[in-house]
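S.K.: Take a look and give me a structure for this.
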Amino acid sequence: MLSFAFLLLSAGLIALGALLWRLSSSQDAYKVASFCLWIGAYGCIANAPVFSLFIEPEMATLGNNLGLYVGFPMMALVLLDLVLGWKWQKATWGRIFLGLAAMFELMRRAESGNSYGEFLLMACTLALLFAFFKIIKNHGQKIHPRGIIWVPSSSHPVVILGPSKQPMQRPSIKKSVLNIRYRTLFPCKLDPMPNFFRHTLMSRIQNLGLF
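M.R.: Residues are numbered from 1 along each chain as shown. As a prediction, this is how the structure comes out:
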């Protein structure tokens, strides 16, 4: 039963890592996250009792140390990088990996590995809590739910508006032109509409309570 749990967890980590690897074209942090998840998967496989006859105890210990002293801190830094927008490059992540590995070896030789592990656990937990707080805070910003709307104007008879994080404001109407502060996704110029149709359509939009 324990072996099945380890194998199931490792399969989930491998699948999630592969999914994040496909997103690595946008940011290098996704590739680092995949690497950290695969380190955790290796630790699960190495500690599964079903593989105890094939994997040396030293290799299992290596998986535990990599997961705790390298993978977990780098995953916390990945979340901070994505939340705060640091956008670290591959060279930076490589230096972080080497620094964490060298710090672990230094603390191991100083016989302070347990204290260093507790410090890393506390620091990474605080970093993860801060990252989750920022995610919830950013997600909780008010976004207007009306989605895409169609507004006519004299300069751009067809204007497509997308949802914006800015609060919805009532546009000012001056000479039948709607001055709107929201971003225009793709305006296209058509033939000017008749004044009667334009004023009638604008009156109907206002009556709907969109503005």
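S.K.: could I have stretch 63-82 exported to CSV, CA atoms only?
M.R.: Provided in CSV are the C-alpha atoms of stretch 63-82 (Å, rounded to 0.1, in the frame of the first residue of the first chain):
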residue,chain,number,x,y,z
GLY,A,63,16.6,11.9,-3.3
ASN,A,64,15.5,13.0,0.1
ASN,A,65,18.3,15.6,0.4
LEU,A,66,17.7,16.9,-3.1
GLY,A,67,14.0,17.3,-2.4
LEU,A,68,14.3,19.0,1.0
TYR,A,69,17.4,21.1,0.5
VAL,A,70,17.2,22.0,-3.2
GLY,A,71,13.8,21.2,-4.7
PHE,A,72,11.6,22.7,-2.0
PRO,A,73,13.5,26.0,-1.7
MET,A,74,13.6,26.4,-5.5
MET,A,75,9.9,25.8,-5.8
ALA,A,76,9.3,28.5,-3.3
LEU,A,77,11.5,30.9,-5.3
VAL,A,78,9.7,29.9,-8.5
LEU,A,79,6.4,31.0,-6.9
LEU,A,80,7.9,34.3,-5.8
ASP,A,81,9.4,34.8,-9.3
LEU,A,82,6.0,34.3,-10.9
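S.K.: what comes up buried for it?
M.R.: Going by neighbour count (16 or more other CB atoms under 10 Å), the buried part of stretch 63-82 is 63, 65-82. All C-beta atoms are positioned from the backbone trio N, CA, C, and that covers glycine.
S.K.: And the helix or strand hosting Ala15, what does it pack against?
M.R.: Assigned by DSSP states H and E, Ala15 belongs to helix 2-22. Using 3 or more CB pairs under 8 Å, 6 or more residues apart in numbering; DSSP states H and E as the contact criterion, the elements in contact with helix 2-22 are helix 28-46.
S.K.: and the next element down the chain from the helix it packs on?
M.R.: helix 57-66.
S.K.: and that next one, average pLDDT?
M.R.: Summarised as a single mean, pLDDT over helix 57-66 is 89.
S.K.: same thing with stretch 98-111?
M.R.: Stretch 98-111 comes out at a mean pLDDT of 93.
S.K.: Stretch 136-156 now?
M.R.: 51.
S.K.: Check stretch 77-93 too.
M.R.: 91.
S.K.: how about Pro49, what does it touch?
M.R.: Counting by CB atoms under 8 Å, 6 or more residues apart in numbering, Pro49 touches 2-3, 6.
S.K.: and which of these is nearest to Leu23?
M.R.: Of all those, Leu23 sits closest to Phe6, with 26.6 Å by CB to CB.
S.K.: OK, contacts around that closest one?
M.R.: Listed by CB under 8 Å, 6+ apart, the contact set of Phe6 reads 44-45, 47-49.
S.K.: please redo it, this time with the cut-off set to 7 Å
M.R.: Phe6 sits next to 44-45, 47-48 when contact means CB atoms under 7 Å, 6 or more residues apart in numbering.
S.K.: What is the lengthiest helix in the chain packed up against?
M.R.: In the chain, assigned by DSSP state H, the helix with the most residues is helix 113-139. Contacts defined by 3 or more CB pairs under 7 Å, 6 or more residues apart in numbering; DSSP states H and E place helix 113-139 against helix 72-84.
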